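1. Pasted the sequence and its predicted model underneath.
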Amino acid sequence: MGNISLISRIHGCIAALALGDAYGIIGQFSMDANKAMWGNMPQDLTKPKDAPEDPTVHAGMERGEITDDTMAMLAIVSSVVKSGDINVHSVADGLVKWIEETDGFNLPWVGPSTQRAIRALMDGGDPQVTGGFGTTNGSSMRVAPVAFLGYPDMDKVAEYAIISAMPTHGTSTATSGAASIACATASASNPDSGLDDIVRAAMEGADIGEKAGVRYYQTPSISRRIEWAVDLVSNDKSDEDKLKDIYDYVGTSMLTHETVPAAIAYVVMANGDPMQAIRISTWGGGDCDTLAAIAGAICGAYRGVDSMPSAMLQTIDRVNKLDLASVSKAYHDVALKINPSLSSL
């Protein structure tokens with residue numbers, strides 16, 4: 001995907017993560033439940049229905065409203081802009097500030113690993129160890145923009161992704177997932193990359209990240225599960241049959257070893273198109289907003305911000321009182337200072 005500027009790729013990554021999050025709040029626990037509620041896959045941002053008709057934690061949210069996926073990503077982006085660096089302490093400070101400013105412990109969709117670790121950080125815990133029990137997908141959902149700080153060195157990308165994970169998600173499965181998504185995003189940002197390159201980078205990052213975290217119980221290889229998930233969608237089956245295979249075999253829950261392989265498979269299914277990836281991630285069921293945020297972010301880096309409907313992005317800015325273009329520009333400027341190699345993009 002050549003002829004796409006660096007700022008378009010950074011803005012595309014950040015904006016598509018938010019767009020996937022905001023679109024995915026309508027998603028239900030299964031594709032059958034999505035069909036029962038919506039009939040067909042909505043083409044635009046849609047307001048979730050009220051409880052009990054919508055049994056998820058997103059019931060009653062506003063059309064275009066974001067959740068912790070975007071908030072945590074912006075917390076890390078802001079910490080990098082503020083400090084001019086990425087380290088475990090600045091990331092921890094940024095995440096704590098986000099929870100404090102949003103009354104995050106009372107938000108229904110802030111995950112259990114994040115809540116547990118943030119409480120420990122607030123009690124003076126060491127951010128190198130507070131994430132030692134975090135196994136869910138919180139580190140993977142927020143990591144994509146970190147890729148630009150290390151590009152094109154995949155070892156450096158993985159290192160920064162692991163740093164971003166540690167304060168809340170320091171287990172081997174969580175550091176594996178974070179490094180996988182960051183490396184996939186870095187590969188997607190390379191104008192010479194294709195989908196196969198993105199998949200290989202995701203697998204490479206998963207293997208690097210797995211060695212970095214705390215291993216306290218057995219979890220499957222995310223790298224091998226990515227290979228399996230992509231194989232499940234690399235055939236002539238209908239999209240709905242492919243989504244069912246991912247749901248039934250790989251899983252689409254908040255467990256990192258399910259979320260990350262499924263998201264990479266959705267990128268491949270969508271041929272790197274952000275809106276298509278966001279829609280199918282949601283339609284397949286499960287932890288829809290996180291799956292759509294991750295798959296969207298990778299595709300946004302791949303195709304740039306102009307590949308998404310500007311009206312949807314304007315809605316997200318307005319509803320959430322954001323200016324993602326300005327955030328992206330500030331991050332772009334700091335990323336170039338941290339990583340001069342970006343100037344080659």
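-> Everything's here; your move.
2. the helices in the stretch 201-345 of the chain, which residues?
-> In chain order, the stretch 201-345 of the chain shows helices spanning 222-233, 239-245, 256-269, 274-283, 288-303, 310-320, 324-338, with DSSP state H, counting those that start in this stretch as the criterion.
3. Mind checking those for the one nearest to D32?
-> Ranking these by proximity to D32 (C-beta to C-beta) places helix 239-245 first, at 9.5 Å. For every residue, glycine as well, the C-beta is placed using N, CA and C.
4. what stretches of the stretch 201-345 of the chain score poorly on pLDDT?
-> Counting by pLDDT under 70, the stretch 201-345 of the chain shows low-confidence ranges at 216.
5. picking up where we left off before, could you say which of the helices of the stretch 201-345 of the chain is packed most deeply?
-> Burial of the helices of the stretch 201-345 of the chain is given as mean neighbour count (mean count of other C-beta atoms under 10 Å); helix 288-303 ranks first at a mean of 33.
6. need the helices of the stretch 201-345 of the chain in JSON lines with distance to H169, can you?
-> JSON lines is the format used below for the helices of the stretch 201-345 of the chain (distance: least, C-beta to C-beta, whole Å):
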{"stretch": "helix 222-233", "distance to H169": "13"}
{"stretch": "helix 239-245", "distance to H169": "27"}
{"stretch": "helix 256-269", "distance to H169": "8"}
{"stretch": "helix 274-283", "distance to H169": "20"}
{"stretch": "helix 288-303", "distance to H169": "13"}
{"stretch": "helix 310-320", "distance to H169": "24"}
{"stretch": "helix 324-338", "distance to H169": "21"}
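7. out of those helices, nearest to M141?
-> Nearest to M141, of all the helices of the stretch 201-345 of the chain, is helix 288-303, at 4.7 Å by C-beta to C-beta.
8. before we move on, the earlier item: please identify which of the helices of the stretch 201-345 of the chain is closest to V91.
-> With C-beta to C-beta as the measure, helix 324-338 is the member of the helices of the stretch 201-345 of the chain nearest V91 (13.9 Å).
9. relative orientation of that closest one and helix 310-320 in degrees?
-> Inter-element angle recorded for helix 324-338 and helix 310-320: 90 degrees (by axes from the mean of the first three to the mean of the last three C-alpha atoms, to 10 degrees).
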